[in-house]
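Visitor: Give me a model of this one.
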Amino acid sequence: MKSSTRSAVIALLMSTALKPHAAMAQEKLAGDTLQISRATGSIKVDGDLSEEGWKAAKPVTTWYEVNPGDNTEPALRNVGRLAYDDHFFYASFEFEDPNPKAIRAPYSDRDDSGGGFYDFGGIVLDAGNSGRTGKLFVVTPRNIQNDTIIDDSSGEDPSPDFFWESATRITEHGWVLESGLGETSAYWAWIAPTVAQDTRVCVYDRAGWGRSDEAASPQDGVGVATDLHTLLAHVPGPFVLVGHSSGAQYVRIFAGRYPSEVAGMVLLDPQPAEALTRLPAFPGFYRVFRRVSATFPPLARLGVARLVALAGSDGLPPQARNTRRVYSSSARTARSLRDEFAQLPTALEQAHSFRTLGELPLILVTAVRDAPAGWLPLQDEMAALSTNSFHEVVANATHSSLIEDEHDAGVSSQAIRLVVESVRSARLLARP
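Guide: Numbers count the residues shown, from 1 in each chain. Sure, this is the predicted structure:
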């Protein structure tokens, strides 16, 4: 590992299947390979390293100073610890400083680590085992996060803002950094943290979207539901499923195929399974968009998609907005949109085959503003999929604002919380 006098950057990995960048550096210096331990208890990312979860983590005390020294033993003591559980990878560090008042820790904007003039600590993850690229996650003593994609050939790209937790404390002996890495989809940036205050939240990118690998072939609704089932295989269930727009039909298919694994459902302005047969304007829209979407991948390579992406997601928090724009403007995302849209008729037909949810707790939230002709009656019909449901109609909300607008997303979050509460209490849904 390497450190400077008051700051340290550790290059490590998320699992033993990957090749540690830091271990490479240590091999050249006859250092030891690092072992990552499973947490022996829960870890709360709050800067307190006395928790049970950290006790089995072996302290890392061998460091190498690179500035001002040249791979020399640092004058100050640094301690690192690594751990993981079923959901996250954790890293913590203790950086000693005989004069904590001299720690270079001004308040600054995100991604501003002072160009190397501030103290900072963190890790580089080379998840692809390339030895040439990685994701850098560092934090200053004031808990200012900085994340960057680094590449030996192209340099650094600071544009993505990943979702990860960190906490710092400046102590009488120095400062402490604790981080937990677990990526989520930027689209749910208002909702996921709110609901996570009450229950575990799992947000994912479908194949070909965001950071997920591309599907081997275009996927229909059953393919999407099967992927999600595989993804959740090691997560304790049953689950409350939440779907927005076309995503609502994917979770409906999941519930139909795996009913014992679903405890409740929230549908946010869901696209009806009967969209092609009972929404007057949708068949014409689909035919036009189907042809136009074939041009998206080449246009994305010309940068047109980036211009479109820059115009969207304005209501999301800045970090989520920037992340979504980065991924939305890629040719890879354009291909996924084209392929998924081509499979939409099949997915809608598959969803329509599952006609009842029984007594499953269900809340359907509908946005009224700008709703197309025929949309609202079909929303009422979907609310009737369960005998234990209610329909929340939001007059001033739009299709996207239920996710992207902070206030309207609050309505969506509350709906999810009500279903979770109903499941936990084993009582029928009660209107707020």
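Visitor: Can you give me the end-to-end span of stretch 135-146?
Guide: In stretch 135-146, first residue to last residue: 10 Å (CA to CA, to the nearest Å).
Visitor: and residue 349, what are its phi and psi?
Guide: Note on residue 349: its backbone torsions stand at phi -60, psi -40 [degrees, to the nearest 10].
Visitor: Pull the contacting residues for it.
Guide: Counting by CB atoms under 8 Å, 6 or more residues apart in numbering, residue 349 makes contact with residue 273. Quick note: C-beta positions are derived from backbone N, CA and C, even for glycine.
Visitor: Okay, it and residue 274: tell me how far apart.
Guide: 10 Å (CB to CB, to the nearest Å).
Visitor: what's the burial count for the nearest residue to residue 374 once chain neighbours are set aside?
Guide: What sits nearest to residue 374 in space, not counting adjacent residues and going by CB to CB, 6 or more residues apart in numbering, is residue 279, at 4.7 Å. Counted with other CB atoms under 10 Å, the neighbours of residue 279 add up to 18.
Visitor: from memory residue 279 sits against residue 379, does it?
Guide: No: between residue 279 and residue 379 there is no contact under CB atoms under 8 Å: 11.4 Å.
Visitor: any shared contact partners between these two?
Guide: Joint contacts of residue 279 and residue 379 (CB under 8 Å, 6+ apart) are residue 272.
Visitor: The host helix or strand of residue 81 - contacts with which helices or strands?
Guide: Per DSSP states H and E: residue 81 is located in strand 78-84. Strand 78-84 is packed against strand 8-12, strand 37-38, strand 89-96, with contacts defined by 3 or more CB pairs under 8 Å, 6 or more residues apart in numbering; DSSP states H and E.
Visitor: For the first one, give the mean pLDDT please.
Guide: Going back to what we said before, that points to strand 8-12. The average pLDDT within strand 8-12 is 25.
Visitor: Show the contacting residues for the residue nearest to residue 374.
Guide: If you count contacts by CB under 8 Å, 6+ apart, then residue 279 has 272, 372-375, 378 around it.
Visitor: Pick the one among these closest to residue 155.
Guide: Within those, the smallest distance to residue 155 is 46.3 Å, found for residue 372 (CB to CB).
Visitor: Tell me the spacing between the closest one and residue 259.
Guide: Between residue 372 and residue 259 the computed distance is 31 Å (CB to CB).
Visitor: what's the answer for residue 148, then?
Guide: For residue 148, the distance to residue 259 - CB to CB - is 44 Å.
Visitor: just residue 89 next, same as before
Guide: Distance from residue 89 to residue 259, by CB to CB: 33 Å.
Visitor: For residue 241, which non-adjacent residue is closest in space?
Guide: Residue 241 sits nearest to residue 251 (CB to CB, 6+ apart), 3.9 Å away.
Visitor: for the helix or strand hosting that neighbour, packing partners?
Guide: For residue 251, the host element (DSSP H and E) is helix 247-257. Using 3+ CB pairs under 8 Å, 6+ apart, the elements in contact with helix 247-257 are helix 221-231, strand 239-244, strand 262-268, helix 344-352.
Visitor: With respect to burial, which of those scores highest?
Guide: strand 262-268 (a mean of 25; mean count of other CB atoms under 10 Å).
Visitor: gap between the two ends of stretch 45-58?
Guide: Per CA to CA, the first residue of stretch 45-58 is 18 Å away from its last.
Visitor: ok, residues contacting that stretch?
Guide: So stretch 45-58 is contacted by 35, 37-44, 81-83, 85, 90, 92, 94, 165-169, 176-180 (CB under 8 Å, 6+ apart).
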